[in-house]
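Novice: only geometry, no sequence info:
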């Protein structure tokens, strides 16, 4: 039985419905002084890489200090527009029940996300999904560019063996990052990757969404799916 669940955030637990991109664009302009005409690929990618690659699309070369200024601006934008995020975005179906049921089983839950930690905290707080999250066990965009390294770091922080953890996410990058560390994956086709894509990536289990919290609980515990 797993004792630790590593949650992805965007399109696994929540959907910002475009607000996230608007906040990134505002922070980008504050940081580099240019309007964000286009954004680099974001699915499964960490925030430092998104910022760096987006800057390249605008003919800019950035360094760590630029990213840190961007991260601070992005946090400020999320704080300032938390109400807008709450109004326009939403928690995905089944997330509250899933988090509650796993917590009732005594399973530790944290976040492995490309988001920087302050933004990850704001996103889950806004939708009331933060009460079971052990933030100090997680790993975040500012910790490393690579998702596989984030998974490794979270395992270290939780003092957990790979066989004691399950990652729940919606992208091939989630699957690959978990498998690089020997961690089992429950993939959720609630984002831009459909069930076939996630199966082809090698996820042990693929669900259409998180609506069936009892099934998710059984899968986390290591029981067979229907």
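Specialist: Okay, I see it. Bear in mind that the values here come from a model prediction, so they are computed numbers and not experimental data.
Novice: show me the contact partners of the longest helix anywhere in the chain.
Specialist: Secondary structure of the chain read by DSSP state H shows that its longest helix is helix 64-80. Outside of helix 64-80, the residues within contact range by CB atoms under 8 Å, 6 or more residues apart in numbering are 23-24, 26-28, 30-32, 47-48, 51-52, 55, 85, 116, 118-119, 122-123, 142. Glycine gets a C-beta too; all of them are placed from N, C-alpha and C.
Novice: weed out the non-buried ones from these.
Specialist: Neighbour-count burial (16 or more other CB atoms under 10 Å) is assigned, among these, to 23-24, 26-28, 31-32, 47-48, 51-52, 55, 85, 116, 118-119, 122-123, 142.
Novice: in helices, which of the residues you listed appear?
Specialist: Checked against DSSP H, those include these in helices: 23-24, 26-28, 31-32, 47-48, 51-52, 55, 85, 118-119, 122-123.
Novice: about what we covered before: what comes up buried for the longest helix of the chain?
Specialist: Neighbour counts over helix 64-80 (16+ other CB under 10 Å) mark 66-67, 69-71, 73-75, 77-78 as buried.
Novice: swap in stretch 6-23?
Specialist: In stretch 6-23, counting by 16+ other CB under 10 Å, buried: 6-16, 19-20, 22-23.
Novice: closest one to residue 182 out of those residues, please.
Specialist: Checking these against residue 182 by CB to CB gives residue 6 as the nearest, at 12.7 Å.
Novice: so the closest one, which of the three states?
Specialist: Following DSSP: H, G, I helix; E, B strand; the rest coil, residue 6 is assigned to strand.
Novice: okay, and the beta partners of it?
Specialist: Beta-bridge partners of residue 6, counted by DSSP bridges, are residue 110, residue 167.
Novice: shouldn't it be in contact with residue 183?
Specialist: Yes - with contact defined as CB atoms under 8 Å, residue 6 counts as touching residue 183 (7.2 Å).
Novice: mean confidence for stretch 70-89?
Specialist: Averaging pLDDT along stretch 70-89 gives 97.
Novice: span of that stretch from start to end?
Specialist: One end of stretch 70-89 sits 22 Å from the other (CA to CA, to the nearest Å).
Novice: and the chain, what are its domain boundaries?
Specialist: 4-16+90-221, 19-86 (automatic domain parsing).
Novice: can you point out the buried residues in stretch 138-148?
Specialist: For stretch 138-148, by 16+ other CB under 10 Å, it's 138-144, 146-148.
Novice: farthest-separated two in the buried residues of stretch 6-23?
Specialist: Using CB to CB, those span at most 27.8 Å, a distance reached by 6 and 22.
Novice: can you map out the strands along this structure?
Specialist: Secondary structure of the chain, counting by DSSP state E: strands at 4-7, 14-15, 90-91, 108-111, 165-169, 184-188, 205-207.
Novice: great, nothing more from me.
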